[in-house]
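J.: Fold the following, please.
(3 chains)
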Amino acid sequence: MQEFPGILAEARLWQIVVLSLQVSLAAVALASLVGLPLGAAIAVSRFRGRHTLIVILNAMMGLPPVVVGLAIYLLLSRAGPLGGAGLLFTPGAMVIAQTVLILPIIAALSRQAVEDAWREYEEQLRSLGVDGIRAALSVLWDIRFSLLTAELAGLGRAAAEVGAVMIVGGNIDGVTRVMTTAIALETSKGDLPLALGLGVVLIAIVLLLNAGAFLVKEAAQRRYG
Amino acid sequence: MILPLKLDHVGFGINGRTLIEPLSLEIGAGPSTIVLGANGAGKSVLMRLMHGLLEPTCGRISWSEAGARRRQAMVFQRPVMLRRSALANVAYALDAAGIRNPEKTALEALAEVGLAHLAHRPARVLSGGEQQRVALARAWALHPQVLFLDEPTANLDPGATHEIENIIRAFDFSGTKIVMSTHNLGQARRLGDEVVFLHRGRLAERAPVAEFFRQPASPEAAAFIKGEIPWV
Amino acid sequence: MGLIIRVLAAMLLSMPAYAQQRYITVASTTSTEQSGLFKYLLPIFEKKTGIQVRVVAQGTGQALDMGRRGDADVVFVHAKPLEEKFVAEGHGVRRFQVMYNDFILVGPKSDPAKVSGAKDIVAALQKIKAAQAAFASRADRSGTHFAELQLWKAAGVDIEKEKGPWYKETGSGMGQTLNTASAMNAYALADRGTWLSFKNRGELVISAEGDKRLFNQYGVILVNPARHPHVKKKMGQAFIDWLISDEGQKAIAGYKIDGEQLFFPNAR
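T.: Numbers count the residues shown, from 1 in each chain, chains lettered A, B, ... in the order given. Okay, the predicted model is just below:
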């Protein structure tokens, strides 16, 4: 364990941490861009097959990262349909894979949150002539601080998964190596203390983000009720 | 003018349970209408049918003009406030109605209900009475021809109730048609010109207020008045 | 909305992949990566040429598949027959031999199969099978796995048919397999480079080494640009040329762990 502080102080570790956050946050942002309106739209609308869609969405929260990774790999491979973009083994590919992975989480959780709020708001908004997309967006905006929970669930999943980023990123040193793939690599090198140390750093970061979000939510609750 | 509102054999049920037995009713301009009845008589359902929040399971509801949707507003028993300032709540409704420069109108409406000084406070941290006043300002700002009020004071203390009643009266004087449901006989007397009495989902009686209280035509109304009076 | 998109774009563009334009992708093996060779070697090459080398470390079989799909510019692996097949099928331009090290048999100190110090790897494997002593196999189509299968064949054992509960197929990389062997006190075939840099040895020691059949040759191949036009032919070939140049060969020989040389250059 004695070499531990030295390694933690390395610029390389910092770079890995930053890349992890960049990739996962970008994935959360992209997944939210699609997932929040999608979840809200499902929450406020009634159509045939809605229940089926909700069940599928909920089930997809448990998508195996390796399967997502493999699917994206095959899409982005030079031999695959999107190979021309040359995205494989770049952080961009990792963002795409994680976006696919956490989109169902953000959509499903925001669907639940919006639906709960919708029960309260529906009559008032309909009375004001607000419906459809506009109603969905209004509710989304109104419960935005509650949606932090959905965002955090997505971020936690993205930051913690190794299967998808390993496959589409390739764990390239200095390019696509993130916290989880670095942990996997150190484990396979038998350097268990370092792997564990990196794990502690990862958990600390996730904890910090959660604490920050919790404080924001609390403050918002006091401010807006 | 979107009135009169005509209900032609309108009934409503859900999951095989009848909540409103088919009834016919014409609500004209002018006198304020009180929908009176005990809890569970179907007052709220009738209000929602008239306002268009519920579709009748049978019969027809019609306004005398097209585009009536935009000319009416509703205030609910529990005010629904968005997580933003009182002013923004009112402005939201104006914006939804396509009214330009909503902030200015919204502020005027808040002043009208005596809440100009709380305009920038988050609506959800206001008291129940204040929230209901914001809801009234929100309705007022839209200048509706008809205002539906569904037991607007049922959750409020006497002081707040008094304030709300004053505002409703001001609405009435300004020419807005008031359609309000209540189970409170005193309130019906204070604010109403005519009473539509519901008993277990059935239209039992319709009469001018004075006549209704002096000599109810239906035994149900008589029993209701008798039972209620001690608590007025 | 516009703000979100701009922030996203800024985040993506600040990622290292986009900052660096001159790079090649090399599909290589876990042994070269996990032994630390690349960490030592690549900065020397990058400093000289300005070409960044991005290594995706997998088993040899997977690395060659990567080349087949055109997802790598260069493959750097260690299974000569598979490499020759790769070139013969037209996926690679030409195979260059770069360096070698050797495989070793590691096993628990207690040595249940009594193979310690054996010079004859084939006899050692036969003893392990006879004793039904635990053996951890990569089972991942890697170069090491390929070599292990060849050795079983040489020992007259049809491992597919004769394997029992004692034969543990980990289906994972060299390091993971060594972790498994260490945890279960099993024997395992490993490349010396990974073993030397491996830290979680537990009770494991080298049980057998030195047999010439444990020779482990590495080769490097440019993926065929005729088949995959986007292959960075010039930079890829520059990397290969450097590896087999005197300078590159010296650099390979210079990589040591605790004074012990891991790879022996033998370019031809």
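J.: make it CA atoms for all contacts and neighbour counts henceforth
T.: Will do.
J.: how near is the residue sitting furthest away from the middle of chain A to B:Pro208?
T.: The centre of chain A is farthest from one residue, A:Ser127, which by C-alpha atoms, centre = their mean lies 35.9 Å away. When distance is defined by C-alpha to C-alpha, to the nearest Å, A:Ser127 is 29 Å away from B:Pro208.
J.: Excluding covalently adjacent residues, which one is nearest to A:Val139?
T.: Leaving aside its sequence neighbours, A:Val139 sits nearest to A:Val114 (C-alpha to C-alpha, 6 or more residues apart in numbering or on different chains; 6.5 Å).
J.: and C:Val74, what does it touch?
T.: By C-alpha atoms under 8 Å, 6 or more residues apart in numbering or on different chains, the contact set of C:Val74 is C:24-27, C:67, C:220-223, C:236.
J.: Mind exporting the C-alpha coordinates of stretch B:200-213 to PDB?
T.: This file holds the C-alpha atoms of stretch B:200-213, laid out as PDB (Å, rounded to 0.1, in the frame of the first residue of the first chain):
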ATOM      1  CA  ARG B 200     -76.900  11.500  -4.600                       C
ATOM      2  CA  GLY B 201     -76.100  12.400  -8.200                       C
ATOM      3  CA  ARG B 202     -79.600  13.500  -9.000                       C
ATOM      4  CA  LEU B 203     -80.800  17.000  -9.700                       C
ATOM      5  CA  ALA B 204     -83.300  17.400  -7.000                       C
ATOM      6  CA  GLU B 205     -84.200  21.000  -7.200                       C
ATOM      7  CA  ARG B 206     -83.400  24.300  -8.800                       C
ATOM      8  CA  ALA B 207     -84.700  27.600  -7.300                       C
ATOM      9  CA  PRO B 208     -83.800  31.200  -6.500                       C
ATOM     10  CA  VAL B 209     -81.800  31.400  -3.200                       C
ATOM     11  CA  ALA B 210     -84.400  33.100  -1.100                       C
ATOM     12  CA  GLU B 211     -87.200  30.700  -2.200                       C
ATOM     13  CA  PHE B 212     -84.900  27.700  -1.800                       C
ATOM     14  CA  PHE B 213     -84.200  28.400   1.800                       C
END
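J.: which parts of that stretch are buried?
T.: B:200-207, B:209, B:212-213 (16 or more other C-alpha atoms under 10 Å in any protein chain shown).
J.: repeat for stretch B:5-23
T.: Going by neighbour count (16+ other C-alpha under 10 Å), the buried part of stretch B:5-23 is B:5-8, B:10-12, B:18-23.
J.: Which members of the residues you listed are positioned in strands?
T.: Using DSSP state E to define strands, the subset of these located there is B:5-8, B:10-12, B:18-23.
J.: Any chance of TSV for these, columns pLDDT?
T.: Below are those laid out as TSV (pLDDT from 0 to 100):
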residue	pLDDT
B:Leu5	94
B:Lys6	95
B:Leu7	95
B:Asp8	95
B:Val10	96
B:Gly11	95
B:Phe12	96
B:Thr18	93
B:Leu19	95
B:Ile20	95
B:Glu21	95
B:Pro22	95
B:Leu23	95
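J.: number of nearby residues for whichever residue of chain A sits closest to chain C?
T.: Distances between chain A and chain C by C-alpha to the nearest C-alpha are smallest at A:Ser188, namely 4.0 Å. Here the count is done by other C-alpha atoms under 10 Å in any protein chain shown, and A:Ser188 has 26 residues near it.
J.: For C:Ala27, see how far away it is.
T.: 18 Å.
J.: and the residue nearest in space to the middle of chain B, what does it touch?
T.: For chain B, the residue nearest the mean C-alpha position is B:Leu149 (1.4 Å; C-alpha atoms, centre = their mean). Each residue near B:Leu149 by C-alpha under 8 Å, 6+ apart is listed here: B:74-77, B:178-181.
J.: Looking at the buried residues of stretch B:5-23, point me to the pair that's furthest apart.
T.: B:Leu5 and B:Thr18 (22.6 Å; C-alpha to C-alpha).
J.: hmm, back to that, who touches the residue of chain A closest to chain C in this structure?
T.: By C-alpha under 8 Å, 6+ apart, the contact list for A:Ser188 reads C:34, C:173-176, C:178-179.
J.: which one of these has the most neighbours?
T.: Neighbour counts for the contacts of A:Ser188 peak at C:Leu178, which has 35 neighbours (criterion: other C-alpha under 10 Å).
J.: can you tell me which residues contact that one?
T.: For C:Leu178, the contacting residues are A:188, A:190, C:136, C:188, C:190, C:201, by C-alpha under 8 Å, 6+ apart.
J.: Let me have these in a markdown table, extended by secondary structure, pLDDT and distance to A:Ala43.
T.: Output for these, formatted as a markdown table (DSSP: H, G, I helix; E, B strand; the rest coil; pLDDT from 0 to 100; distance: C-alpha to C-alpha, whole Å):
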| residue | secondary structure | pLDDT | distance to A:Ala43 |
| --- | --- | --- | --- |
| A:Ser188 | helix | 86 | 45 |
| A:Gly190 | coil | 87 | 48 |
| C:Ala136 | strand | 96 | 52 |
| C:Ala188 | strand | 97 | 56 |
| C:Ala190 | strand | 95 | 56 |
| C:Arg201 | coil | 93 | 55 |
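J.: out of these, who's nearest chain B?
T.: Closest approach between those and chain B, by C-alpha to the nearest C-alpha: A:Ser188, at 50.7 Å.
J.: Would you point out which residue is most central in chain A?
T.: A:Gly154 (3.2 Å).
J.: which helices and strands does the helix or strand hosting that residue pack with?
T.: Element membership for A:Gly154, per DSSP states H and E: helix A:148-160. On a contact count with 3 or more C-alpha pairs under 8 Å, 6 or more residues apart in numbering or on different chains; DSSP states H and E, helix A:148-160 meets helix A:11-44, helix A:91-127, helix A:179-188, helix A:192-224.
J.: does residue 164 sit in a helix, a strand or a coil?
T.: This is for chain A. Three-state assignment for A:Ala164 (DSSP: H, G, I helix; E, B strand; the rest coil): helix.
J.: swap in C:Arg95?
T.: C:Arg95 ends up strand, using three-state DSSP.
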